[in-house]
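Student: Got a predicted structure here, sequence first:
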Amino acid sequence: MTAEKEAEVNELGALKDHNHDDEVKETEANSGSGSALRLTYGLNDKPSWYLTLLMGFQHFVIMSSGCAFGVIILFDAACVQDEVDKSNLIASSFFVMGITTFVQCTLGTRLPIAQGPSIVFYPVAIGIMAGDSLECPDLQVKDNATLHHNGTLAFSQPGEKIWHRRVGQVAGTIAAGSIVQLLIGSTGVMSHLLRFVSPLVVAPTIFLIGFSVMGAVLNLCAPQFYISIVCCILIIVFTYVLDRVKIPIPYFSIRNRKPLVTRFAAFSTLPILLSMAIMYALCHLLTVTNVLPSSPEAWGYGARTDIKSSAVLNAGWFRVPHPLQFGSLSVNGPGVVAVGCAILVSIMESIGDYVTCAKFCGSPRPVGFPMNRGIAAEGFGCFLSGLFGLPVGPTSYSNNIAAISMTKVASRRVMHATSAIMVIFGLFPKLSALFVCVPDPITAACCWQPSASSAASQRAASVASGWTDRGTRSCSASVSSLAWLCRCRSKRAVTAMPPQ
């Protein structure tokens, strides 16, 4: 009996070990840990406070251009003329997206994912504001009304500006449409819909959405589209040619008590900010040397750096964004349906980001409850954006996820620091006014890459077709560039060209 019991115990132990090995293999297969990064700081690690602030600021720099230009691209459609109003809108964008990022990292997927304005809401916002009832008035003559310097019509209600009703209707429609995203996240219906929607369906949809925004981008580049084209070329070169070049940065190590050198992939991490800085310096040089014309009627005047310098001076030092800060909200019935469709596309894009981020962090694949929490968190951010009067809704940012793979830092604490920096940045409109000072042709180039949605298209297409990542990026960049240049040959661009 003793021998039989020992044999039974050994067999049971072997069976448990076998089952345990199968569970480990299944967990690795689901989480992607077999290809996970060797992280310096894992998801639950807590770096020192100064490293947390430094790496959090790096994430903020990466997403700041998208967070600012995601609102700037809608200024013309919304008839926003005053520079102070533009600064307040950008500051509110940073403030709301910072809160949404914190909610996503804490209560949503609990992954280090940054939130910023989504491109899928641009066609909806432009379509709503293009209606006859919301058409921009003639700023020179409007019946017997007088246009004040701050964009207020004399016959309008006290404190109401000409763009309040436009932005209020878009924001109210987005807030109403966010109920769809909250319901999808709370009911978990998205896990059933994923079986009927392939990535090859999502990729062209996102690209066509970006292509539809090219008209607004074209209006910005018309004052001097040579500057826009050069800036676009710089973005392409930094993103797809110099993406593997790392710049050596010397620093002094307190722990080792000696100077060391680290290498930072600046071109692939900050392509838009670097291109913007280089082209701004070039435009400033052309402004100082009077190469660019000083007459407002002359072609090329819009590229001067001194025509918006008053934005920083006139912007307030401190301002707390609050709900209904730009007036009451209204809802556009057909627009709610369009917002619902845009939200479905945004969800598909975000799910790909959830899976990629979890893979980089060595976490299990976010299916079921974690994915639903993430969708609900973005729905909350969408409602918050509308409540605060923003004409855009949030989505996850792929560039910040790519930064995790490059820095090997996946700490949730770092993304909490990023959200805090975003909120603080949103409390000081003078800082947000720095983006307003950027000439329109440079702004057009910086908006071109997000509107082309190359990151989302390349990710979805590569998952479905099995292309290499670099090959897909090159194809996506080529198609996006061709589409943008074709639009530059439209009537508006041709009429804006200098006389021969």
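Tutor: Looks like it came in fine.
Student: show me where the stretch 101-250 of the chain has helices.
Tutor: In chain order, the stretch 101-250 of the chain shows helices spanning 122-129, 164-187, 190-193, 199-212, 214-221, 225-236, with DSSP state H, counting those that start in this stretch as the criterion.
Student: Show me what the shortest one packs onto, helices and strands only.
Tutor: For helix 190-193, the packing partners by 3 or more CB pairs under 8 Å, 6 or more residues apart in numbering; DSSP states H and E come out as helix 369-387. Just so you know, the C-beta spots here come from the backbone N, C-alpha and C atoms, and that holds for glycine as well.
Student: how about the helix it packs on: buried residues?
Tutor: Of the residues in helix 369-387, those scored as buried under the neighbour-count criterion (16 or more other CB atoms under 10 Å) are 370-387.
Student: swap in stretch 173-189?
Tutor: Neighbour-count burial for stretch 173-189 flags 173, 174, 175, 176, 177, 178, 179, 180, 181, 182, 184, 185 (criterion: 16+ other CB under 10 Å).
Student: Next: stretch 293-307.
Tutor: Applying a neighbour-count criterion of 16+ other CB under 10 Å, the buried positions in stretch 293-307 are 293, 299, 300, 301, 302, 303, 304, 305, 307.
Student: Go through these and say which is closest to residue 247.
Tutor: Residue 247 lies nearest to residue 305 out of the buried residues of stretch 293-307, by CB to CB, at 26.1 Å.
Student: which residues does the closest one contact?
Tutor: Applying CB atoms under 8 Å, 6 or more residues apart in numbering to residue 305 gives the contacts 280, 283, 284, 287, 437, 439.
Student: about what we covered before: from the buried residues of stretch 293-307, which ones fall inside helices?
Tutor: Among the buried residues of stretch 293-307, DSSP state H puts none in helices.
Student: Out of these, name the ones that lie in strands.
Tutor: Using DSSP state E, no member of the buried residues of stretch 293-307 falls within strands.
Student: For the closest residue to residue 70 other than its chain neighbours, give its distance to residue 67.
Tutor: What sits nearest to residue 70 in space, not counting adjacent residues and going by CB to CB, 6 or more residues apart in numbering, is residue 117, at 3.0 Å. According to CB to CB, to the nearest Å, residue 117 stands 6 Å off from residue 67.
Student: can you check residue 226 too?
Tutor: For residue 226, the distance to residue 67 equals 27 Å [CB to CB].
Student: These two: which has the busier surroundings?
Tutor: Shown here are residue 226 and residue 67; by other CB atoms under 10 Å, residue 67 has more neighbours (27 against 13).
Student: Check which helix or strand that one maps to.
Tutor: In this structure, residue 67 is located in helix 49-72 according to DSSP states H and E.
Student: For that helix, output the C-alpha coordinates as CSV.
Tutor: Presented in CSV, the C-alpha positions along helix 49-72 are these (Å, rounded to 0.1, in the frame of the first residue of the first chain):
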residue,chain,number,x,y,z
TRP,A,49,11.2,61.4,-7.9
TYR,A,50,13.7,63.3,-10.2
LEU,A,51,13.8,60.4,-12.7
THR,A,52,10.0,60.3,-12.6
LEU,A,53,9.7,64.0,-13.4
LEU,A,54,12.3,63.8,-16.1
MET,A,55,10.8,60.9,-17.9
GLY,A,56,7.3,62.2,-17.3
PHE,A,57,8.3,65.5,-19.0
GLN,A,58,9.8,63.5,-21.9
HIS,A,59,6.4,61.9,-22.5
PHE,A,60,4.8,65.4,-22.2
VAL,A,61,7.1,66.8,-24.9
ILE,A,62,6.3,63.8,-27.2
MET,A,63,2.6,64.4,-27.0
SER,A,64,2.4,68.2,-26.6
SER,A,65,2.5,68.9,-30.3
GLY,A,66,-0.5,66.6,-31.0
CYS,A,67,-2.4,68.0,-28.0
ALA,A,68,-1.9,71.6,-29.2
PHE,A,69,-2.2,71.3,-32.9
GLY,A,70,-5.2,69.0,-32.5
VAL,A,71,-7.1,72.1,-31.4
ILE,A,72,-5.4,74.7,-33.6
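Student: just checking, what packs against that helix?
Tutor: In terms of contacts (3+ CB pairs under 8 Å, 6+ apart), helix 49-72 is packed against helix 83-106, strand 115-117, helix 271-288, helix 398-407, helix 412-426, helix 429-436, helix 440-452.
Student: Residue 328 should be in a helix, yeah?
Tutor: No. Checked against DSSP: H, G, I helix; E, B strand; the rest coil, residue 328 lies outside a helix; its state is coil.
Student: Spit out the residues that contact residue 117 and residue 67 alike.
Tutor: Each of 93, 97 lies in contact with both residue 117 and residue 67 under the rule CB under 8 Å, 6+ apart.
Student: Need the distance between the two termini of stretch 385-394.
Tutor: Taking CA to CA, to the nearest Å as the measure, stretch 385-394 stretches 8 Å from start to finish.
Student: Show me how far it is from its chain's centre.
Tutor: Using CA atoms, centre = their mean, to the nearest Å, we find the averaged C-alpha position of stretch 385-394 to lie 14 Å away from the chain's own average C-alpha position.
Student: pLDDT of that stretch, averaged?
Tutor: What stretch 385-394 shows for mean pLDDT is 92.
Student: before we move on, what about stretch 294-312?
Tutor: 82.
Student: now do stretch 76-83
Tutor: Over the span of stretch 76-83, the pLDDT mean works out to 82.
Student: And that stretch, end to end?
Tutor: End-to-end distance for stretch 76-83: 12 Å, by CA to CA.
Student: mind checking how far that stretch is from the chain centre?
Tutor: The gap between where stretch 76-83 is centred and where its chain is centred comes out at 21 Å by CA atoms, centre = their mean.
Student: For ChimeraX, what selects the buried ones among the contacts of residue 305?
Tutor: Those of those that meet the burial criterion (16+ other CB under 10 Å) are gathered into one ChimeraX selection, given here:
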select :280,283,287,437,439
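Student: what's the most distant pair in the contacts of residue 305?
Tutor: 287 and 437 (11.9 Å).
Student: Could you pull up phi and psi at residue 41?
Tutor: Main-chain dihedrals, residue 41, degrees, to the nearest 10: phi -130, psi 120.
Student: Got the confidence number for it?
Tutor: pLDDT, read off for residue 41, is 83.
Student: Repeat that for the one 10 residues further on.
Tutor: Here the pLDDT value assigned to residue 51 is 80.
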